[in-house]
Structures are given as C-alpha cells and as structure tokens.
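Colleague: here is a sequence with its predicted model. Questions after.
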Amino acid sequence: MVARMKAFADKYIERFISRKFLAWLTATGLCAYGTVTSDNWTAITLAYIGTQALVDMAVQWKHGPTKE
C-alpha cells in the first residue's frame, strides 16, 4: 500500500510540486494541527527558503540572469 502511494506521489505530485515545498506544506499542516511546534516549523521554513535560494542562485550562475 505504501509503495503504491509513493508511486502515485512520484508520478503525479512531483510534476506539480517540488518535494521541498510539499515538505513545507506538510509541516504547515502539522503546525496548524498542533503536532509540530512553532520552533520546528520555523526551522523547516528557514531550510526551505535557504535551499530554494541556493537552487535559484545555481540556476542564475549556470544560465545567467533572467529577464523578467
């Protein structure tokens, strides 16, 4: 059952949402539910923002600045 759910997530959800963002959404939901403390949520959020910034910086370094 778990393997089937993972296969579904890998096939469909990964196309639309990055795994980091999915982890952040899960942490936000757990924080709202009361399972994750605000300190843990803050750590997860900072990790998400930091890793996303590194990815953006790497893309800009490789391909040059984007024209928006």
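Modeller: Received the coordinates, thanks.

Colleague: give the helix, strand or coil label for Pro65.
Modeller: coil (DSSP: H, G, I helix; E, B strand; the rest coil).

Colleague: now do the contacts for Ala23.
Modeller: By CB atoms under 8 Å, 6 or more residues apart in numbering, Ala23 lies in contact with 44, 48. Any C-beta I mention is one placed from the backbone N, CA and C, and that applies to glycine too.

Colleague: tell me the pLDDT of it.
Modeller: pLDDT, Ala23: 77.

Colleague: which secondary structure element is home to it?
Modeller: Here Ala23 sits within helix 19-33, counting by DSSP states H and E.

Colleague: and Lys20, how many neighbours?
Modeller: Neighbours of Lys20 under the rule other CB atoms under 10 Å: 15.

Colleague: likewise for Leu54?
Modeller: 10.

Colleague: could you check the pLDDT of it?
Modeller: Per the predicted model, pLDDT is 81 at Leu54.

Colleague: Three-state assignment for Asp56, please.
Modeller: helix.

Colleague: just to revisit the earlier point, pull out the buried positions in the helix holding Ala23.
Modeller: Residues of helix 19-33 classed as buried by neighbour count (16 or more other CB atoms under 10 Å): 24, 27, 31.
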